[in-house]
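Trainee: Sequence plus predicted model, see below.
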Amino acid sequence: MTMTMTRSAIRSVCTTLLADMQEMRNCYDGLLSAAAATANSIYGKCFDLFRGKNVLFWCIGIRFSDMK
């Protein structure tokens, strides 16, 4: 059994798929931006609190002893 679609139906499906892809891309971009802003905020707060002391490495998960 074969199924044929008109050009109009194909165009409609493609338009819907493209809109869905754009919506997914926008959602992903928003999530990525939020994650980056959160990471930057945490890093900035640690830096402000400790002004570059060894504690900053602890804030980002690196032990100072691992740096030597």
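Mentor: Done, it's in.

Trainee: Backbone torsions only: list them for M5.
Mentor: phi -120, psi 140 (degrees, to the nearest 10).

Trainee: Neighbours of it, how many?
Mentor: 10 (other Cβ atoms under 10 Å). Quick note: C-beta positions are derived from backbone N, CA and C, even for glycine.

Trainee: before we move on, what about Y43?
Mentor: By other Cβ under 10 Å, the residues close to Y43 number 13.

Trainee: do the same with C46
Mentor: Using other Cβ under 10 Å: C46 sits among 18 other residues.

Trainee: now R25
Mentor: Neighbours of R25 under the rule other Cβ under 10 Å: 10.

Trainee: now the helices for the chain?
Mentor: 7-50, 55-59 (DSSP state H).

Trainee: helices and strands around the longest one, which ones?
Mentor: Using 3 or more Cβ pairs under 8 Å, 6 or more residues apart in numbering; DSSP states H and E as the contact test, the elements touching helix 7-50 are helix 55-59.

Trainee: and the helix it packs on, average pLDDT?
Mentor: Helix 55-59 shows a mean pLDDT of 59.

Trainee: what residue ranges in the protein score low on pLDDT?
Mentor: Counting by pLDDT under 70, the chain has low-confidence residues at 1-2, 47-68.

Trainee: before we move on, back to that, just the helices of the chain: most buried one?
Mentor: When these are scored by mean count of other Cβ atoms under 10 Å, the highest mean neighbour count falls to helix 55-59 (a mean of 15).

Trainee: Which residues are in contact with M5?
Mentor: M5 is in contact with V13, counting by Cβ atoms under 8 Å, 6 or more residues apart in numbering.

Trainee: ugh, wrong one, I meant S8
Mentor: Per Cβ under 8 Å, 6+ apart, neighbours of S8: none.

Trainee: separation between it and Q22?
Mentor: For S8, the distance to Q22 equals 21 Å [Cβ to Cβ, to the nearest Å].

Trainee: Likewise for V13?
Mentor: Distance, V13 to Q22, using Cβ to Cβ: 15 Å.
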